[in-house]
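In: for reference, the sequence and a predicted model appear below.
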Amino acid sequence: MVKTMMTVVDCRQRSRVSDGFSLAAQARRVRLLLTDCDGVLTDGTVYYSAEGEALKRFHMRDGMGVERLRTLVQVEVGVITGEVSPSMRKRAAKLDIDELHLGVRDKRARLDQIVARRGLALEQVAYIGDDVNDVAVLEMVGLAACPADATPFAKAAAHMVCQARGGDGVLREVAELIIAAQTAPAANGRGRAVALVPDPAPARPALAHDCWGCYDERSEW
């Protein structure tokens with residue numbers, strides 16, 4: 001059985017969304033999804049030992065989101081974080097994420113370097129952040145998202161406030177929005193069409209399809 005899941009926009013926090021802005025239309029332009037680590041890919045908790053960072057928790061569905069983006073719509077994923085995290089380094093290696101930037105103090109400058117090297121426009125980049133040090137990047141990119149439990153600073157700068165909290169599949173939620181937008185029949189016929197779920201609430205227009213038939217609990221993503 002195929003289950004569906006809606007990805008919605010919390011309109012109470014959409015201070016950046018102006019008249020005429022379409023989340024789906026912007027998602028169709030995305031060629032690169034960048035994300036913070038702590039508070040987005042994790043719940044923000046770090047376990048320390050006498051040797052330093054000992055443990056972080058990542059969500060397996062985010063890993064599947066990385067793979068689905070890469071396979072279905074050829075969108076790559078990268079990480080920009082202020083921490084030098086051995087756990088994040090290992091997780092990125094597991095997911096074949098090459099665009100990994102650790103210990104970054106100026107995320108805005110790093111974003112400029114990334115788009116210049118890749119030949120992308122800022123409108124073609126999506127970013128997920130949760131705190132004040134993500135605001136500058138959130139305000140630059142074409143599609144800005146944050147977890148449900150992000151700080152007010154991040155929520156005010158985001159186009160989309162996810163239903164998921166940090167560490168609970170935020171990246172997967174954004175990934176499915178992008179996949180749905182880029183594989184729908186209106187998306188220039190590219191890729192496999194994915195049906196959008198009708199949304200009865202006009203104030204919450206952004207929809208996504210989540211094919212749980214593609215998800216295997218035994219997956220190592």
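Out: Arrived safely.

In: pairing partners for the lowest-mean-pLDDT helix or strand in the chain, with directions?
Out: When each helix and strand of the chain is scored by mean pLDDT, DSSP states H and E, strand 52-55 comes last, with a mean of 80. Partners of strand 52-55 in the sheet, by DSSP bridges, are strand 47-49 (antiparallel).

In: okay, which residue is most central for the protein?
Out: The chain has L171 as the residue nearest its centroid, 3.9 Å off, counting by Cα atoms, centre = their mean.

In: list the contacts for it?
Out: Going by Cβ atoms under 8 Å, 6 or more residues apart in numbering, L171 touches L33, T35, V40, L41, H59, D62, G65, V66, V77, I128. Glycine gets a C-beta too; all of them are placed from N, C-alpha and C.

In: how about these in TSV, adding distance to F21, pLDDT and secondary structure?
Out: As requested, the contacts of L171 are exported to TSV (distance: Cβ to Cβ, whole Å; pLDDT from 0 to 100; DSSP: H, G, I helix; E, B strand; the rest coil):
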residue	distance to F21	pLDDT	secondary structure
L33	19	98	strand
T35	21	98	strand
V40	23	98	coil
L41	26	97	coil
H59	29	95	coil
D62	26	97	helix
G65	24	98	helix
V66	26	98	helix
V77	24	98	strand
I128	18	98	strand
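
In: report the two of those residues separated the most.
Out: Maximum pairwise distance among these (Cβ to Cβ): 15.4 Å, between L33 and H59.

In: name the surrounding residues that touch the least confident helix or strand of the chain.
Out: Here strand 52-55 makes contact (Cβ under 8 Å, 6+ apart) with V46, Y47, Y48, S85, P86, S87.

In: same question, stretch 82-96
Out: Everything outside stretch 82-96 that qualifies as a contact, by Cβ under 8 Å, 6+ apart, is 37-38, 41, 53, 55-56, 58, 63, 66-67, 77, 79, 81, 100, 102-105, 107, 133, 220-221.

In: please, which helix or strand holds F153?
Out: Under the criterion of DSSP states H and E, F153 resides in helix 152-157.
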